[in-house]
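**Student:** With the sequence up front, the predicted model follows.
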Amino acid sequence: MKNYQIILTAIVSFGVAYAILFGYIPSRYFAGELNELGCAAIALTMGTLCVIGYDWKSLIKYLNK
């Protein structure tokens, strides 16, 4: 994946997790409370792994130009 795709995926994942955790996505879309919590955990994990997987070396090179 390109760097902009990774950042976009991280932003969307964190946005979905935020929406689930703070109730912007209604509970009626989930089978139960544990299902809702599991989806939030998956979205948070996906966002975190995207941030870890970003190519930070190219960003530092770009900023040092």
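**Tutor:** Thanks, I have it. Residues are numbered from 1 along each chain as shown.
**Student:** rest of the way, CA atoms for contacts and neighbours
**Tutor:** Fine.
**Student:** Mind listing what's buried along the helix or strand containing Lys57?
**Tutor:** Following DSSP states H and E, the helix or strand that holds Lys57 is helix 56-63. For helix 56-63, the buried set under the neighbour-count rule, 16 or more other C-alpha atoms under 10 Å, is empty.
**Student:** just checking, what packs against that helix?
**Tutor:** For helix 56-63, not one helix or strand is in contact under the criterion 3 or more C-alpha pairs under 8 Å, 6 or more residues apart in numbering; DSSP states H and E.
**Student:** and the longest helix belonging to the chain, how far out from the chain's middle?
**Tutor:** In the chain, with assignment by DSSP state H, the single longest helix is helix 33-53. What separates the centre of helix 33-53 from the centre of its chain is 7 Å, taken as C-alpha atoms, centre = their mean, to the nearest Å.
**Student:** Which strands and helices lie in contact with that helix?
**Tutor:** Under the contact definition 3+ C-alpha pairs under 8 Å, 6+ apart, helix 33-53 sits against helix 3-21.
**Student:** Helix 56-63 and the helix it packs on, what's the angle between them?
**Tutor:** 110 degrees (axes from the mean of the first three to the mean of the last three C-alpha atoms, to 10 degrees).
**Student:** buried residues in helix 3-21?
**Tutor:** So helix 3-21, judged by 16+ other C-alpha under 10 Å, has buried residues 6-7, 9-11, 13-14, 16-18, 20.
**Student:** if we look at it, which residues are touching it?
**Tutor:** 25-26, 36-37, 39-41, 43-44, 46-48, 50-51, 53-55 (C-alpha atoms under 8 Å, 6 or more residues apart in numbering).
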